[in-house]
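Asks: This is the structure alone, sequence omitted:
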């Protein structure tokens, strides 16, 4: 095994497939490993290049194998799939990973630290809790409306319904239905408290880092978005330009070009949906403020004159993503554009 230079590793929960080649590209290692045998096996190998598909537990294995002296590269799974020759099994996947990791044009994913993964988990749990809060609120509205009790849209309407549920003297709701609604109300109260605690931790994480404080100076970038950038972009230097970061997030038009004719459509759904969504929401907040109080950005004013607000929001979100990359790579602070002379 001394002549192994590149390894393709197909990881899973308990069974791992290894495919290794030498300097000439010949396959010299094909092995199936259990989880307990992973680290002892790679500890005996000389340092080599290891390719892994990026997934939920790939960052852990990348850190462990890097500590053993190996050069570990993570790749998006959709970029590895074209190298699978035929069939779908672990051995074919490991061989495709081994071939893809050596391509000079392959795009790699930066390895995240445990702190970055924990911070990103706060955002994922926040999304789940918000969905549960909406689900419980809608369930309370739907069930209580069966007895002719309705309330206006919004949190105040839900609070009004909760007061009716708590009022034992209100005879519009039968006892069995009231018991069920009280169960939902108790769950809603717990979820609301968890959402508040999660938001406090996200806000603290954004203010805790110097990078997060600098990113929050950009109009349209709040604590939530700044914290998400710190957690999602492990190494901003992986992107050569701000345009590359914006494209990775998904601010690129769909193309249907052929024969030298370019046909561009709206932005695609590819990319980081979470960052893209929050960037657009932040840009809409900037546009609403500009429509009410004016703005020092003349290009945004001209764009709003000829395009709808949501189209302008996507353009502003694209610009903000590039500014985020500039601040992350240069270490500078945000500078507000100078107003035009009268």
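Replies: Looks like it came in fine. Just so it is clear, the model here is predicted, and its values are computed rather than measured.

Asks: burial measure for residue 178, as a count.
Replies: 20 (other C-beta atoms under 10 Å). Just so you know, the C-beta spots here come from the backbone N, C-alpha and C atoms, and that holds for glycine as well.

Asks: Contact partners for it?
Replies: 165, 168 (C-beta atoms under 8 Å, 6 or more residues apart in numbering).

Asks: Name the residues of the helix or strand containing it that are buried.
Replies: Residue 178 is part of helix 175-208, with elements assigned from DSSP states H and E. Of all the residues in helix 175-208, those buried under the rule 16 or more other C-beta atoms under 10 Å are 178, 181, 184-185, 187-188, 191, 194-195, 198, 201-203, 205-206.

Asks: And that helix, how far out from the chain middle?
Replies: 23 Å (C-alpha atoms, centre = their mean, to the nearest Å).

Asks: Would you agree residue 131 falls within a strand?
Replies: No - in this structure, residue 131 is helix, not part of a strand, as judged by DSSP: H, G, I helix; E, B strand; the rest coil.

Asks: Give me the distance between it and residue 99.
Replies: Counting by C-beta to C-beta, to the nearest Å, the gap from residue 131 to residue 99 is 40 Å.

Asks: So between the two, which is more surrounded?
Replies: Shown here are residue 131 and residue 99; by other C-beta under 10 Å, residue 99 has more neighbours (21 against 11).

Asks: any idea whether that one is helix, strand or coil?
Replies: Applying three-state DSSP: residue 99 is helix.

Asks: oh, and call the first residue 33 from now on, that's how I've got it
Replies: Okay, using 33 as the starting number, the last item reads as residue 131.

Asks: Could you double-check that it sits in contact with residue 114?
Replies: No - counting by C-beta atoms under 8 Å, residue 131 does not reach residue 114; the two are 10.0 Å apart.

Asks: picking up where we left off before, tell me the one of the buried residues of helix 207-240 nearest residue 41?
Replies: Within the buried residues of helix 207-240, the smallest distance to residue 41 is 31.7 Å, found for residue 237 (C-beta to C-beta).

Asks: so what pLDDT did the closest one get?
Replies: Per-residue confidence for residue 237 comes out at a pLDDT of 90.

Asks: Spell out the residue ranges of the helices in this structure.
Replies: 70-76, 90-99, 109-112, 122-132, 146-177, 187-198, 207-240, 242-247, 255-264, 274-281, 305-325, 330-338, 341-362 (DSSP state H).

Asks: Of all those helices, which one is nearest residue 47?
Replies: Evaluated over these, closeness to residue 47 peaks at helix 122-132, with 7.1 Å, by C-beta to C-beta.

Asks: List the contacts of that closest one.
Replies: Under C-beta under 8 Å, 6+ apart, the answer for helix 122-132 is 38-42, 44, 47, 49-53, 59, 62, 64, 83-85, 107, 111-113, 115-118, 138.

Asks: from those, which would you call buried?
Replies: Buried, going by 16+ other C-beta under 10 Å: 38-42, 49-53, 83-85, 107, 111-112, 115-116, 138, out of the contacts of helix 122-132.

Asks: now, which of the residues you listed lie within strands?
Replies: In this view, the buried ones among the contacts of helix 122-132 that belong to strands under DSSP state E are 38-42, 49-53, 83-85, 107.

Asks: from those, which is closest to residue 286?
Replies: Out of those, the member with the shortest distance to residue 286 (by C-beta to C-beta) is residue 107, at 23.4 Å.

Asks: Mind splitting the chain into its structural domains?
Replies: 38-132, 146-240, 243-362 (automatic domain parsing).

Asks: Compute the first-to-last residue distance for the first one.
Replies: Spelled out, that is domain 38-132. Using C-alpha to C-alpha, to the nearest Å, one end of domain 38-132 lies 11 Å from the other.

Asks: quick check: mean pLDDT across it?
Replies: Domain 38-132 comes out at a mean pLDDT of 93.

Asks: ok, now stretch 209-218?
Replies: Here stretch 209-218 scores 94 as its mean pLDDT.

Asks: Stretch 319-328 now?
Replies: Model confidence over stretch 319-328, given as mean pLDDT, is 80.

Asks: now stretch 149-168
Replies: 94.

Asks: And for it, what's in contact with it?
Replies: Under C-beta under 8 Å, 6+ apart, the answer for stretch 149-168 is 91, 144, 216, 219-220, 223-224, 226-227, 230-231, 233-234, 237, 256, 259-260, 262-264, 306.

Asks: ok, so of the buried residues of helix 207-240, who is nearest residue 334?
Replies: Proximity of these to residue 334 (C-beta to C-beta) peaks at residue 238, which lies at 32.4 Å.
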